[in-house]
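Participant: got a predicted structure here, sequence first:
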Amino acid sequence: MQRFEPNLRIPGPTGLPSAVREAGGRQMINHRGPEFSAMFGRIESRLKGWFGTRNEIVLLTAAGTGALEAAIVNTLSPADPVLAVTIGAFGDRFAKIATAHGAEVTKLAVDWGRAAEPALLREALGRDARYRAILLTHNETSTGVTNPIPDLAAVARELAPEALLLVDGISGLGAVPFAQDEWGLDVVVSGSQKSWMAAPGMSFVSVSERAWAAAGTARMPRFYFDLAQHRPGVAAGSTPWTPAVAVLFQLDVALELMEQEGAAAVFARHAACAAATRAGLVALGFELFADQRYASNTVTAVKVPDGLDWKAFNSELRKRRLILAGGQGKLQGQIFRVGHLGSVTLDEILGAVGVIEEALVAVGRPVSPGAGVAAAQQAGLAALAAAGAGSAETVVASVTGSDAGASGGVVER
């Protein structure tokens, strides 16, 4: 983050490391030529490791919502019974896409701020296990909750073994451990603008052999999102339609940086930044919105306390170049959200907490300056130490970006 840039702490698009941003300004290349094919191959191969899969991964030029639509229309037919397990706005969106294409959708709606407990899914499938597909959200950015996907998948496999498991992994993949094949997930999607540290415009769809078989009989209309048209090109390093080449330039560099840092370090960094965010906000008197047993490591949702005018408070934050996200849907005006995903560093989180302290003082809230920052730093460093990140010197370097150079905070270890 440069001196005059805002501290962009929304749950996507995320800030870009310098090397990634510069990559997006490269001259165009032939998207049917060997240079593009080689880049495509690198990207697809590296994504597999983060997804935890041996599946081919289709690269779509679309936002994550396009990938969710692709997951639906390639595996289902009109009137297919679908169970949508929804814990927030994006779970609702997944259900709406299926409904729009004619699926017979039953919603298993969980109170916002809570995760879908396996017992709840067990009860629902015990009543009716006829579903052709079950829709799950891995990480719900509207509420700051991460679902226990492996536990939910195990219940689904036990009680509805024929049902396809379609998973929205847009805002969690790349920041937390994920194991598609081990967990038995059929379709998993993600998007470039989240933990992958690239601009919006590309999404990724990992499709199991069960799901490819379902695509052979699925009758929902599709053309641009027809994954069967993409599949032959995966091995050849090509796409059927013109891709967002500049975003792929960025993604190629971003995935290399993530590989250099190492998965364990990436996950530890996100966990530390999440712990710091939560501790800092609690120390300032805020109440966290999410059930903390399932708190997200990519976004924290916080209740707006009584007597605090969110618009006035947010105006003070923006004056200080801190950009947070407000609540969505029925939570508008009731919560705000702090994103900590992508190339995020502990320094950026400490800076954000410090600005929140200043803004609280500016609007007349009783705070003890420095209390939030101190709590955040202690929690962040403790989380890294617990993850086995190494000595204090290594910990500080890894999360502050002090050795990051042009990578903007991604440190090779």
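Facilitator: Happy to help now that I have it. Residues are numbered from 1 along each chain as shown.

Participant: only C-alpha atoms from now on, for both contacts and neighbour counts.
Facilitator: OK.

Participant: hmm, Ala385 and Ala268 touching each other?
Facilitator: No. No contact is recorded between Ala268 and Ala385 when judged using Cα atoms under 8 Å, the distance being 9.1 Å.

Participant: mind giving me the packing neighbours of the helix or strand containing Gly280?
Facilitator: The secondary structure element spanning Gly280 is helix 263-283 (assigned by DSSP states H and E). Under the contact criterion of 3 or more Cα pairs under 8 Å, 6 or more residues apart in numbering; DSSP states H and E, helix 263-283 touches strand 299-303, helix 346-362, helix 371-386.

Participant: hmm, who's touching it?
Facilitator: Identification of contacts with helix 263-283 by Cα atoms under 8 Å, 6 or more residues apart in numbering yields 50, 175-177, 258, 287-288, 296-300, 338, 340-341, 344-346, 349-350, 353, 371-384, 387, 389, 398-399.

Participant: repeat that for 6 Å
Facilitator: By Cα atoms under 6 Å, 6 or more residues apart in numbering, the list of residues contacting helix 263-283 from outside reads 175-176, 297, 346, 372-373, 375-376, 379-380, 383-384.

Participant: out of those residues, which is most surrounded?
Facilitator: Gly380 (31 neighbours; other Cα atoms under 10 Å).

Participant: ok, it - contacts?
Facilitator: Counting by Cα under 6 Å, 6+ apart, Gly380 touches 272-273, 275-276.

Participant: ok, and the most crowded of these?
Facilitator: Counting by other Cα under 10 Å, top hit in the contacts of Gly380: Cys273 with 32 neighbours.

Participant: what score does it have for pLDDT?
Facilitator: Predicted confidence (pLDDT) for Cys273: 98.

Participant: what about it, distance to Leu185?
Facilitator: Counting by Cα to Cα, to the nearest Å, the gap from Cys273 to Leu185 is 28 Å.

Participant: next: Gly262.
Facilitator: 24 Å.

Participant: neighbour count winner among the two?
Facilitator: Applying other Cα under 10 Å to Gly262 and Leu185 shows that Leu185 carries more neighbours, namely 25 against 15.

Participant: that one in helix, strand or coil?
Facilitator: Using DSSP: H, G, I helix; E, B strand; the rest coil, the structure places Leu185 in coil.

Participant: what's near enough to touch it?
Facilitator: For Leu185, the contact set (Cα under 6 Å, 6+ apart) comprises Leu165.

Participant: next one: Val145
Facilitator: Going by Cα under 6 Å, 6+ apart, the list of residues near Val145 reads 139, 290, 294-296.

Participant: redo that, cut-off 8 Å
Facilitator: Taking Cα under 8 Å, 6+ apart as the definition, contacts of Val145 comprise 113-115, 139, 290-291, 294-296.

Participant: just the ones of these in strands?
Facilitator: Asn139 (DSSP state E).

Participant: among the contacts of Val145, who's most crowded?
Facilitator: The most crowded member of those is Asn139, carrying 32 neighbours; neighbours defined as other Cα under 10 Å.

Participant: how many other residues sit next to Lys330?
Facilitator: Per other Cα under 10 Å, the neighbour tally for Lys330 reads 11.

Participant: now the spatially most central residue of the chain: how far from Phe204?
Facilitator: Residue closest to the average C-alpha location in the chain (Cα atoms, centre = their mean): Ser171, at 1.0 Å. According to Cα to Cα, Ser171 stands 12 Å off from Phe204.

Participant: okay, and the common contacts of the two?
Facilitator: Contact criterion Cα under 8 Å, 6+ apart; residues bridging Ser171 and Phe204 by contacting each: 190-191.

Participant: pull the helix or strand with minimum mean pLDDT from the protein.
Facilitator: helix 392-400 (a mean of 40; mean pLDDT, DSSP states H and E).

Participant: tell me where this protein has strands.
Facilitator: Along the chain, the stretches classed as strands by DSSP E are 7-8, 57-60, 81-86, 104-109, 133-137, 139-140, 145-146, 164-168, 187-191, 203-207, 299-303, 322-323, 325-326, 335-339.

Participant: for the first one, packing partners?
Facilitator: If I follow you right, that is strand 7-8. Under the contact criterion of 3+ Cα pairs under 8 Å, 6+ apart, strand 7-8 touches strand 322-323.

Participant: so which residues make contact with the strand it packs on?
Facilitator: Applying Cα under 8 Å, 6+ apart, the set of residues contacting strand 322-323 from outside is 6-10, 317, 352, 355.

Participant: please repeat the previous calculation with a cut-off of 6 Å.
Facilitator: Contacting residues not belonging to strand 322-323 are listed as 6-9 [Cα under 6 Å, 6+ apart].

Participant: and what of stretch 118-127?
Facilitator: Among residues not part of stretch 118-127, those counted as contacts by Cα under 6 Å, 6+ apart are Leu152.

Participant: ok, and for it, which residues are buried?
Facilitator: Neighbour-count burial for stretch 118-127 flags 118, 121-122, 125 (criterion: 16 or more other Cα atoms under 10 Å).

Participant: go on, stretch 156-175?
Facilitator: 156-157, 159-161, 163-175.

Participant: Ile10: neighbour count?
Facilitator: Counted with other Cα under 10 Å, the burial measure for Ile10 works out to 24 neighbours.

Participant: wouldn't it be in contact with Ala325 here?
Facilitator: Yes. With contacts defined as Cα atoms under 6 Å, Ile10 counts as touching Ala325 at a distance of 5.3 Å.

Participant: write the ChimeraX selection for whichever of the contacts of strand 322-323 are buried.
Facilitator: One line in ChimeraX is enough to select the buried members of the contacts of strand 322-323, burial here meaning 16+ other Cα under 10 Å:
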select :7,8,9
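
Participant: how about a markdown table for the contacts of strand 322-323, with distance to Asn30 and pLDDT added?
Facilitator: Compiled in a markdown table, the contacts of strand 322-323 are given as follows (distance: Cα to Cα, whole Å; pLDDT from 0 to 100):
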| residue | distance to Asn30 | pLDDT |
| --- | --- | --- |
| Pro6 | 35 | 94 |
| Asn7 | 35 | 96 |
| Leu8 | 33 | 97 |
| Arg9 | 35 | 98 |
